[in-house]
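Student: model the structure of this input:
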Amino acid sequence: MKIHTTLIDSSTASHLVGSVKFLDCRSSLADPDAGRRAYEAGHIRSAVYLSLDDDLAAPPGDGGRHPLPDKERLAARLSALGISDGDQVVVYDDAGGAYAARAWWCLRWLGHEAVALLDGDLAAWPDPLSVETQTPAPGNFSIRPSLTRHLDVATLAADLTAYRLVDARTQVRFDGLEEPIDPVAGHIPGAICRPFQENLGEDGRFRSPAELRARFPEGDNVVCYCGSGVTAAHNVVAMRVAGLPEPLLYPGSWSEWIRNPDRPVGTTGTTGNG
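Tutor: Down below sits the predicted model:
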């Protein structure tokens, strides 16, 4: 079977039910239990639920709203959900991949290559959904050499000019005109704004590699960030689809950056957004 490492279309994934492992990653920043309720109301047959807040992030704190989880704990959780090292994993949500991309990134962080985002999310799924609760046999997921890169706040703050920052939030949040979540508005100085939603076409699927390539800078010093390191992973996926070098992820993102009032803040008119 072909290994899928970025995207998988719904038709292909539908034909692989029973031979690949599906992770339902639906979530809501406003309601941590919304994703689990959505899963229980109907999910892809054989899928198991993976929680953004409980599984894909450590508790909020100085590291931001969604710090990276403990590697050992996440690996154990994936094993408990029936995931093994040799499995093809397909991750999905109902938000264009906004949350599933975090799962995709985290599995690559743990060294798992065969993980792909369901292109078009659950809206593109051609088959009836199931309400059966899955109790899979434990898998043997192990931590292997990481396949992706990330950057901590101290390294970034030491020399902002060394990196090409890409912010995945909306333009109004980037410009500091609106901030519905974090206590400080604006962006990290020097960043450009590339909202993750614009990685998708009108059909909800990822744009072509050429279109995506035109959106992003190229180089080994590109850093993707967002509000809390979740939707930034969507831009990482998009850059991989575009054939660009895989960027670094700044997991703490804006919610960590602003915890130190000495760190500079950019607002509209202070930096180009290309």
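Student: point out where the protein drops to low pLDDT.
Tutor: Judged against pLDDT under 70, the low-scoring parts of the chain cover residues 269-274.
Student: where do the helices sit along it?
Tutor: Remark: helices assigned in the chain by DSSP state H are 10-15, 34-41, 71-80, 100-109, 153-158, 171-174, 209-213, 232-241, 253-257.
Student: Asp53 is nearest to which of these?
Tutor: In this view, the helices of the chain are compared for proximity to Asp53 by Cβ to Cβ, and helix 34-41 is the closest at 8.8 Å. The C-beta positions use only the backbone N, C-alpha and C, and glycine is treated the same way.
Student: give me the distance from that closest one to the chain's centre.
Tutor: 19 Å (Cα atoms, centre = their mean, to the nearest Å).
Student: buried ones in that helix?
Tutor: Buried residues in helix 34-41, counted by 16 or more other Cβ atoms under 10 Å: 35-36, 38-39.
Student: from those, which two are the most distant?
Tutor: Set against one another by Cβ to Cβ, the buried residues of helix 34-41 have their most distant pair in Arg36 and Ala38, with a gap of 7.3 Å.
Student: any chance of JSON lines for the helices of the chain, columns distance to Pro145?
Tutor: Below are the helices of the chain laid out as JSON lines (distance: least, Cβ to Cβ, whole Å):
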{"stretch": "helix 10-15", "distance to Pro145": "27"}
{"stretch": "helix 34-41", "distance to Pro145": "30"}
{"stretch": "helix 71-80", "distance to Pro145": "12"}
{"stretch": "helix 100-109", "distance to Pro145": "10"}
{"stretch": "helix 153-158", "distance to Pro145": "20"}
{"stretch": "helix 171-174", "distance to Pro145": "34"}
{"stretch": "helix 209-213", "distance to Pro145": "27"}
{"stretch": "helix 232-241", "distance to Pro145": "18"}
{"stretch": "helix 253-257", "distance to Pro145": "25"}
